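Peer 1: could you work out the structure for the sequence below:
(chains A and B)
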Amino acid sequence: EDQVTQSPEALRLQEGESSSLNCSYTVSGLRGLFWYRQDPGKGPEFLFTLYSAGEEKEKERLKATLTKKESFLHITAPKPEDSATYLCAVQHYNSGGGSEKLVFGKGTKLTVNP
Amino acid sequence: DAGVTQSPTHLIKTRGQQVTLRCSPKSGHDTVSWYQQALGQGPQFIFQYYEEEERQRGNFPDRFSGHQFPNYSSELNVNALLLGDSALYLCASSAPRVGLDIQYFGAGTRLSVL
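Peer 2: Predicted coordinates:
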């Protein structure tokens, strides 16, 4: 059974203090690993998809990396507007060619203080 | 281009009642997935619809059922509501068969069961 574990559960940073969020996963045949951002009371907002070990993607102050067992979301010089819950999800291959379900972790709640 | 839209935004029901939630997918998307997100948890997969049929189902009882219409919009029905059904219900759309496999989420419907 696919499993995703995110750490830490909560993280408080000062503005400008860089850090990383971790996502460890167990999946039979990884098709993709997804990062989403979720603001309170809203739906998850897509950030990145990573497909193979060694792959990296960047967007503004965020950089996602992938190994065979885990993914990291690096946040460089964060700002208060980066405060949100960051969700990691994995997807394995669907032999039928469809869109396999996403299996999510519980998320990391990030708070960036000014 | 409208994203994924869900209605209503909030619902309050009592135990034993039935509820119907609605979702319109992003333009060009034909696959709709439903997720349940309890407070402080990651989203849990309920089921997925494509070509008006349920293609995948998560570990949810038969009280949870759905439907997809020819215009790709979808409904989630929950019968005999329990207190534990209180959650944020998320709809996600995608178009995997044309290579658009990222699932984009709506803002969700907040269901409270009293």
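Peer 1: use CA for all of it now, contacts and neighbours both
Peer 2: Noted.
Peer 1: OK, contacts around residue B:94?
Peer 2: A:99, B:25, B:26, B:29, B:30, B:31, B:32, B:100, B:101, B:102, B:103, B:104 (CA atoms under 8 Å, 6 or more residues apart in numbering or on different chains).
Peer 1: which one of those sits closest to residue A:14?
Peer 2: residue B:104 (30.5 Å; CA to CA).
Peer 1: wait, the closest one sits on residue A:48?
Peer 2: No: counting by CA atoms under 8 Å, residue B:104 does not reach residue A:48; the two are 11.8 Å apart.
Peer 1: at the geometric centre of chain B, which residue sits there?
Peer 2: Computing the C-alpha centroid of chain B and ranking residues by CA atoms, centre = their mean puts residue B:34 first, at 3.2 Å.
Peer 1: for that one, which residues count as its bridge partners?
Peer 2: Following DSSP bridges, residue B:34 is listed with bridge partners residue B:47, residue B:91.
Peer 1: what's the weakest-modelled helix or strand in chain B?
Peer 2: Least confident helix or strand, chain B: strand B:100-105 with a mean of 89, by mean pLDDT, DSSP states H and E.
Peer 1: let me know the next secondary structure element after it.
Peer 2: strand B:109-113 (DSSP states H and E).
Peer 1: returning to what we had before: anything in the least confident helix or strand of chain B near chain A?
Peer 2: Yes: residues of strand B:100-105 contacting chain A under CA under 8 Å from any CA of the partner chain: B:101, B:102, B:103, B:104, B:105.
Peer 1: what's the burial count for residue B:28?
Peer 2: The number of residues packed near residue B:28 is 12, by other CA atoms under 10 Å in any protein chain shown.
Peer 1: assumed it was part of a strand.
Peer 2: No: under DSSP: H, G, I helix; E, B strand; the rest coil, residue B:28 sits outside any strand and is assigned coil.
Peer 1: my guess is it contacts residue B:96, does it?
Peer 2: No: Residue B:28 is beyond contact range of residue B:96, at 10.8 Å (criterion: CA under 8 Å).
Peer 1: ok so, going back, most neighbours of all the contacts of residue B:94, which one?
Peer 2: Top of these by neighbour count (other CA under 10 Å): residue B:32, with 32 neighbours.
Peer 1: contacts only, for it.
Peer 2: B:25, B:48, B:49, B:50, B:72, B:73, B:74, B:91, B:92, B:93, B:94.
Peer 1: and it, that's in a strand?
Peer 2: Yes: judged by three-state DSSP, residue B:32 forms part of a strand.
Peer 1: next, work out how far apart it and residue A:78 are.
Peer 2: In this view, residue B:32 and residue A:78 are 34 Å apart by CA to CA, to the nearest Å.
Peer 1: doesn't residue A:22 make contact with residue A:75?
Peer 2: No: using CA under 8 Å, residue A:75 is not in contact with residue A:22; the gap is 11.4 Å.
Peer 1: ranges for the strands of chain B?
Peer 2: Per DSSP state E, chain B carries strands over the ranges B:5-7, B:10-13, B:19-24, B:31-37, B:44-50, B:53-57, B:64-68, B:74-78, B:87-95, B:100-105, B:109-113.
Peer 1: an error on my part: the question was meant for chain A.
Peer 2: A:3-7, A:10-14, A:19-26, A:30-38, A:45-50, A:56-59, A:62-66, A:70-75, A:84-92, A:103-104, A:108-113.
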